[in-house]
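**Student:** take a look and give me a structure for this.
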Amino acid sequence: MGYRGIIKLSVGQKILLGLLAVVVIALVFKAFQGQNLEKTYHWTREASNSVAQPAASTPFPAQEEILSILKSVDDPELKVSIIDLGLIYEVEVEKQGVELTMTLTTPTCPVASLIIGDVKEALFSNPNVRDVYLRLTFDPPWTVERLSPEAQKRLMGGITPTYQKVHEKGTL
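**Tutor:** Model (predicted):
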């Protein structure tokens, strides 16, 4: 016969299933514990005749302009900018180089290479950017508290994330 409806679980089965989920999550975190998940990328704009080189007097973009450029980069799954997701930890602009430290929502992010490629492409869309140094880190780990108010409204229906605050008080 076919499936006839929702599977009903007893309270004991629900507790057991919840404990199993906790064990699986703990094992996943244990697998990543102690591993250096940090990666560093460095890209330099190729000098060619087809790419106009900036004049010596051309001002290099300010940090605000770099952040604006990065706001155009969306997480392909969530369709929210990496700025609004709170994935950018630090941006430094010096001469013709941009140094940025960023994270992902999880070390096992399935679209990590897409996001990193989009960051590179977006930064090099500014002709004055010659070098990009990207440090990908998971320390501190990303949490929903990093979401901008716009992203909270879009992804969480405006619910204020309180996991960290509750977790710190030990009342989870």
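
**Student:** what residues are up against residue 116?
**Tutor:** 41, 134, 136 (C-beta atoms under 8 Å, 6 or more residues apart in numbering). The C-beta positions use only the backbone N, C-alpha and C, and glycine is treated the same way.

**Student:** not counting its neighbours along the chain, what's nearest the most centrally placed residue in the chain?
**Tutor:** Of all residues in the chain, the one closest to the mean position by C-alpha atoms, centre = their mean is residue 104, 2.9 Å from it. Distances taken as C-beta to C-beta, 6 or more residues apart in numbering put residue 112 closest to residue 104, at 5.6 Å, once the chain neighbours are dropped.

**Student:** what segments of this structure are strands?
**Tutor:** For the chain, applying DSSP state E gives strands covering 39-44, 88-94, 97-102, 131-136.

**Student:** rewinding a little: what about the residue nearest to residue 104, how many residues nearby?
**Tutor:** For residue 112, the count of nearby residues is 15 (other C-beta atoms under 10 Å).

**Student:** quick one: it and residue 106 touch, right?
**Tutor:** No: when contacts are counted by C-beta atoms under 8 Å, residue 112 is not listed as touching residue 106 (9.0 Å).

**Student:** show me the shaky parts of this structure.
**Tutor:** 1-6, 26-36, 47-59, 158-172 (pLDDT under 70).

**Student:** where do the helices sit along this protein?
**Tutor:** In the chain, the segments counted as helices under DSSP state H are 11-32, 63-71, 112-124, 149-156, 163-169.
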